[in-house]
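Q: sequence and predicted structure, then a few things I'm wondering about:
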Amino acid sequence: MELNDFFDCIQTAADDSHKDSFAAFQEAQIVALIKTAEESVQTCFFPNDSKPKVDAALVSAFAELSVKYMCYGITTLHGAWKDTVQNCTYSVVGDWFKAHDDLGEKLLISYLAAHKFNLATNTDLMKAIVKRLCEKDFLLTETAYAKSKMNDQPKMLLAVVHQCAPKQYEDVRKAWSDAFPGDLLQQLTGRPWFGKYQQTDTLFEYYLRKALENAANLITNSKNHDEYGATYYSGVGLYGSWQVLHHHEYDKGVAVVQWLDNGLAKQYNLRSSKTMKTHFDDVQSEWRSNYPGQAGCVAPDTLIRMADGSEKAIRDIGPGEQVLSEGNTVSTCSEEHIRNHSITAMYGINQIKPFLSLEHAVKTKRGWCSLHPALSNRINPHFDVQHLLVGDFVQMLGRDQSGNLTLQWVRVDEIPVEVRESAPYFEGHDLHFREGKNSYFANGFLCLLNYPEITIKRVMDNLAAMTPENRTAFLTFIQENRDLVGQVFGETAIHQFLMEVQHVEL
């Protein structure tokens, strides 16, 4: 009965379409051995995998493949990783499979052991197998079966004898050679055990890549800290702004680099001389300021470039007049004209005396910049205003030698600031456009018209940011004084606002 079960098992093993075939077992064992045969590979890449129960000789032999396969895998990673390995195309892996094809027989014995056929110790069964393999009736049946199936069953049966009854192998082989016509036996037994893996990589993408990428991207020693950077003070040293650098330091892929440097990769001459960056410091910059928060604009005598090319003081510009804006476009002024009589600080650029309030942004090669970007962005966050620095290049409008208007980039060498701690404070003016882009040329510099957008959504966002107590107090005030508020802001706007706040939780 046991003998028949053995031959049934071999028949299943040779059927590649069967879920319990030897081909499926072999692939699973090869992957498991690649992951665990070499201790440092398992520790670095596959710490949670268990070692397969196979012959110790298999583990020893596969340790070399384990190292070579992971080195090959590193060459497929993005970035600088591929340069840390040398002399390691897939042919290095394929050559190992060619040189160790005989290990396929040992894997077959492991397959049979997994199915309860321990032929190394069950000598009675092994004798019965050898006897059956030499019987004429069996050989006739096996020959006919082999011709119809053309699979690896003959190779497997001879491999069992070769591994477990080597003294009888030559006799069995001769009996089979006599029974099989022509070169049929050679065709069936000459195919390599590892032929599938000798030319093409069929394992890495499915079984190994994810673990390798995880190890290469593993972040360790993560820590955050802040550092104070550049500081800028006003001309009298009362107000200033300072840069806070938020550092996120961490190591990435350290274990993989250590494995390459300390492991067998060097022994097999697969480690290149290239170094790999493993320590990173991601820095985000934030500017803080103790400048007063009054939004201002520009000094009243600031010259604005009009659409016809002339210049006019901002205080004298009225509704309907057209000014030159960014991109050689024209913007039309509305009835709104902003005046602020309590500006405490203004700045200039190079030799131009202070005429801009600190949050008023100018166009640079980095985008819009001001001396108080935090306030600039509170007014309208979508402009993403940055801090103006010495060394920036600002856009200016001037005239060439022929008298034609021309744009140029001018380096910022100095940022003069003037502060008034008490009255009389600076007076500031600004425009509002009903058509056009939010920019104009002031004293030649392209400036941002950062007029606050007072929309229902923005009011609702601010309302949501309030404490529950303040939100309740504000909404109660609006409800109790609806008529007065409607007269100031318009009945349509108040009606729309009250429709929106119906959904706000108090």
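A: Thanks, I have it.
Q: need the residues that contact stretch 363-374.
A: Here stretch 363-374 makes contact (Cβ atoms under 8 Å, 6 or more residues apart in numbering) with 232, 241, 287-289, 291, 326, 347, 356, 358-362, 376, 383-389, 392-395, 409, 412, 415, 417, 439, 445-448. Where C-beta positions appear, they are placed from N, C-alpha and C, glycine not excepted.
Q: let's see 7 Å
A: The contact list for stretch 363-374 (Cβ atoms under 7 Å, 6 or more residues apart in numbering) reads 241, 287, 289, 291, 347, 358-362, 376, 383-388, 392-395, 409, 415, 446, 448.
Q: buried ones among the residues you listed?
A: With burial judged by 16 or more other Cβ atoms under 10 Å, the buried subset of the contacts of stretch 363-374 is 241, 287, 289, 291, 347, 358-362, 376, 383, 385-388, 392, 394-395, 415, 446, 448.
Q: remind me, longest helix of the chain?
A: In the chain, assigned by DSSP state H, the helix with the most residues is helix 56-74.
Q: check which residues of it are buried.
A: Neighbour-count burial for helix 56-74 flags 58-59, 61-74 (criterion: 16+ other Cβ under 10 Å).
Q: packing partners for it?
A: helix 22-36, helix 39-45, helix 90-99, helix 103-114, helix 209-216 (3 or more Cβ pairs under 7 Å, 6 or more residues apart in numbering; DSSP states H and E).
Q: mean confidence for that helix?
A: Helix 56-74 shows an average pLDDT of 94 in the prediction.
Q: quick revisit: mind putting the helices and strands packed on helix 56-74 into JSON lines with distance to H225?
A: Below are the helices and strands packed on helix 56-74 laid out as JSON lines (distance: least, Cβ to Cβ, whole Å):
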{"stretch": "helix 22-36", "distance to H225": "38"}
{"stretch": "helix 39-45", "distance to H225": "29"}
{"stretch": "helix 90-99", "distance to H225": "44"}
{"stretch": "helix 103-114", "distance to H225": "53"}
{"stretch": "helix 209-216", "distance to H225": "26"}
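Q: would you mind giving the ones you listed as CSV with distance to W193 and mean pLDDT added?
A: Formatted as CSV, these follow (distance: least, Cβ to Cβ, whole Å; pLDDT from 0 to 100):
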stretch, distance to W193, mean pLDDT
helix 22-36, 8, 96
helix 39-45, 23, 96
helix 90-99, 9, 96
helix 103-114, 2, 95
helix 209-216, 25, 96
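Q: of the ones you listed, which is nearest K457?
A: For the helices and strands packed on helix 56-74, the distance to K457 is smallest for helix 209-216, at 42.3 Å, taking Cβ to Cβ.
Q: give me the distance from that closest one to the chain's centre.
A: How far helix 209-216 lies from its chain's middle: 14 Å, per Cα atoms, centre = their mean, to the nearest Å.
Q: could you pull out the buried residues of it?
A: For helix 209-216, by 16+ other Cβ under 10 Å, it's A211, L212, E213, A215, A216.
Q: so can I have CSV of these showing distance to D400?
A: Below are the buried residues of helix 209-216 laid out as CSV (distance: Cβ to Cβ, whole Å):
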residue, distance to D400
A211, 64
L212, 60
E213, 57
A215, 61
A216, 56
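Q: which stretches in the stretch 351-500 of the chain count as helices?
A: Remark: helices assigned in the stretch 351-500 of the chain by DSSP state H, counting those that start in this stretch are 373-379, 456-465, 468-480, 482-489, 491-501.
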